[in-house]
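Q: Just need the structure, nothing else, for what follows:
(one chain, ligands or ions: 1)
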Amino acid sequence: MTITRFAPSPTGYIHIGNLRTALFNWLIARAAGGTFILRIDDTDPERSKEEYVDAIKEDLEWLGLTWDRVERQSQRLDRYAEAADTLREMDRFYEAWETPTELDLKRKKQLNMGKPPVYDRAALALSDEDKAKLREERGNGVWRFKLDHDRIEWADGILGDISIDAASVSDPVLIRQDGQVLYTLASVVDDTEMGVTHVVRGSDHVTNTATQIQMIEALGHTAPSFAHHSLLTGPQGEALSKRLGTLALRDMRAAGIEPMALLSLMARLGSSDPVELRSSHDELIAGFDITKFGSAPTKFDAEDLKPLTARVVQTLEADAVADHLNAAGVPTEAQPAYWSAVRGNVATRAEAADWWPMFQGEVTPIVAEEDRDFVTSAFDMLGEPPYAADTWSSWTSAVKDATRRKGKSLFMPLRLAITGQPRGPEMADVMPLLTKKPSL
Ligand code: GLU
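A: Residues are numbered from 1 along each chain as shown. Have a look, this model is predicted:
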């Protein structure tokens, strides 16, 4: 049974980087007919907000990334306390009192001496007396997990064989001075108790994974399979972290980006398979292969979502954009013909009705001075609406005979005069929809 989870901290809106994690885990679960857990990592009561929990669910629902159950870390604190006790009994957990400033100083000294800035375990040498004194002076300390100084190895689903020397990693703090359990421990307890089989997350978690594997094993469990996807960068390779705020999923939704455009791009970006627009979640699932992803940073350009979105919109039927057409006053009976004429020239659903005013004669014709006589006489040769499907071809061939213009110099001035735009729907489709005779 495959069980995966997406574990956002509800301290902000989810963005494109989070989506990559959510999507990979969702795809793995769905491809295997397994379970996808939405785990809310809300161990930090100050920074976690209910509004973000709701927003995360809304964003995932928008994309159709359905979950089978929700778990909340804030409701499982007793489980984490129990695990902490177990580690304490095993002598794998110790209290340390260094202040952040003291730790910083130690790190600087180590770096100056050309050594890696790893916590020196000074707290392990404290006598009971020392500890009592520190507790009296400084209150509670933090609790650190005592790593075994072996190599930690795993076969990563994306990065391949990983081997990390535990001595090069600081003993991780699992409980803060104020007693708050940190994600590193909570995640281990959850992943094992919930039977999570596959963990996919960003490569910024590789060191976490190393320490978590030791914790999982210390607690008597077997580690799940891990895969770490590369981090996203901007189009020029610049770090995306600072811009992630502007790459929130809800902003993309507001900008009219289509879910299938976003999902199709993210299911392939950074893999050796090409990006292909998918029309359903099933197609996405069938075409996903995590082994095709590489470890190099992945360039993400939000601009790429626009043509993909336009392609999705162009496949929609009129009823999919009916809300927009109704709001703009397009009569129901005119909607199918209108939409099939314009959909190839619309980039988002919100633009669906943008061509409608032109069909009502609300248009500013564009006429170059040297074309004015030509257009005037061409319009003289056009009858009154309604126009038929062949009006454009019969009219323009008559105009051609009369004026000896042909090709672009024949068609373009007429298009510009009728639509006020150099590009747009096929004129043969435009004519039958015009409610007024075009004029200058
Ligand atoms: N809450 C963690 C994060 O958002 C979860 C990481 C994980 O998937 O284990 O970074």
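Q: and residue 147, helix, strand or coil?
A: Three-state assignment for residue 147 (DSSP: H, G, I helix; E, B strand; the rest coil): coil.
Q: Chain neighbours aside, what residue packs nearest to it?
A: With Cβ to Cβ, 6 or more residues apart in numbering as the criterion, residue 147 has its nearest non-adjacent residue at 4.4 Å, and that residue is residue 166. For every residue, glycine as well, the C-beta is placed using N, CA and C.
Q: ok now the helix or strand hosting residue 408, how far from the chain's centre?
A: Using DSSP states H and E, residue 408 sits within helix 407-419. Between the centre of helix 407-419 and the centre of its chain there are 42 Å (Cα atoms, centre = their mean, to the nearest Å).
Q: and what of stretch 63-72?
A: With Cα atoms, centre = their mean, you get 15 Å for stretch 63-72.
Q: is any part of it close to the ligand?
A: No: applying Cβ under 6 Å from any ligand atom, one finds stretch 63-72 out of contact with the ligand, separated by at least 12.1 Å.
Q: what's the spacing between residue 164 and residue 211?
A: From residue 164 over to residue 211 the distance is 9 Å, taken as Cβ to Cβ, to the nearest Å.
Q: Who has more neighbours out of these two?
A: The neighbour comparison of residue 164 against residue 211 (other Cβ atoms under 10 Å) goes to residue 211, with 22 against 18.
Q: Surely the more buried one touches residue 182?
A: No: using Cβ atoms under 8 Å, residue 211 is not in contact with residue 182; the gap is 11.3 Å.
Q: Which neighbours do the two have in common?
A: Contact criterion Cβ atoms under 8 Å, 6 or more residues apart in numbering; residues shared by residue 211 and residue 182: residue 172.
Q: Which strand or helix spans the nearest residue to residue 382 once chain neighbours are set aside?
A: Closest residue to residue 382 apart from its sequence neighbours, by Cβ to Cβ, 6+ apart: residue 395 at 5.5 Å. For residue 395, the host element (DSSP H and E) is helix 391-403.
Q: got the angle between that helix and helix 407-419?
A: Orientation of helix 391-403 against helix 407-419 (axes from the mean of the first three to the mean of the last three Cα atoms, to 10 degrees) gives an angle of 120 degrees.
Q: for helix 391-403, the distance to its chain's centre please.
A: The answer for helix 391-403 is 51 Å, by Cα atoms, centre = their mean.
Q: I'd like the numbering to begin with 898 instead of 1 from here.
A: All right, first residue 898 from here; so that's helix 1288-1300.
Q: For it, the averaged confidence score.
A: Mean pLDDT, helix 1288-1300: 98.
Q: So what touches it?
A: 1271, 1274-1275, 1278-1279, 1302-1303, 1307-1308, 1311, 1324-1325, 1327-1329.
Q: again, only using 10 Å
A: 1270-1272, 1274-1280, 1282, 1284-1285, 1302-1304, 1306-1308, 1311, 1315, 1323-1329, 1331 (Cβ atoms under 10 Å, 6 or more residues apart in numbering).
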